[in-house]
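**Q** Build me a model from this:
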Amino acid sequence: MESATPREPLTQPVEEVLELIQQLEQDRAWLLEQIDRGRWSDFRLDLAALERELGQLLRRAAEQRPAEQ
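**A** From the prediction side, this is the model:
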């Protein structure tokens, strides 16, 4: 269901976007480290797939981000 109010474009400052990308990269690295250590062995394949998808998303986000000024 769509809301009655029009959507506003994303207007977050570039610094906030870059900070979010950096935090997600750190989270991805932590997840990969946990997988490599054998944690959550029952979910290893799913978590590895999630880690790969997150990596692809972050690469695309980094490519699409506005140039720093």
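**Q** Which other helices and strands does the longest helix anywhere in the chain contact?
**A** Using DSSP state H to define each element, the chain has its longest helix at helix 14-36. Counting by 3 or more CB pairs under 8 Å, 6 or more residues apart in numbering; DSSP states H and E, the packing neighbours recorded for helix 14-36 are helix 44-64. Where C-beta positions appear, they are placed from N, C-alpha and C, glycine not excepted.
**Q** Tell me how far the helix it packs on lies from the chain's centre.
**A** Chain-centre distance of helix 44-64: 7 Å, with CA atoms, centre = their mean, to the nearest Å.
**Q** how about that helix: buried residues?
**A** 47, 51, 54, 58 (16 or more other CB atoms under 10 Å).
**Q** quick check, nearest of these to residue 30?
**A** For those, the closest approach to residue 30 (CB to CB) belongs to residue 51, at 10.0 Å.
**Q** what sits against that closest one?
**A** Contact partners of residue 51, counting by CB atoms under 8 Å, 6 or more residues apart in numbering, are 28, 31-32, 35.
**Q** Out of those residues, which is nearest to residue 62?
**A** Using CB to CB, residue 28 comes nearest to residue 62 of these, at 12.4 Å.
**Q** what's the distance between that closest one and residue 13?
**A** 23 Å (CB to CB, to the nearest Å).
**Q** residues touching the residue sitting nearest the centre point of the chain, list them.
**A** Nearest to the geometric centre of the chain sits residue 24, at 4.6 Å (CA atoms, centre = their mean). Neighbour list for residue 24: 54, 58 [criterion: CB under 8 Å, 6+ apart].
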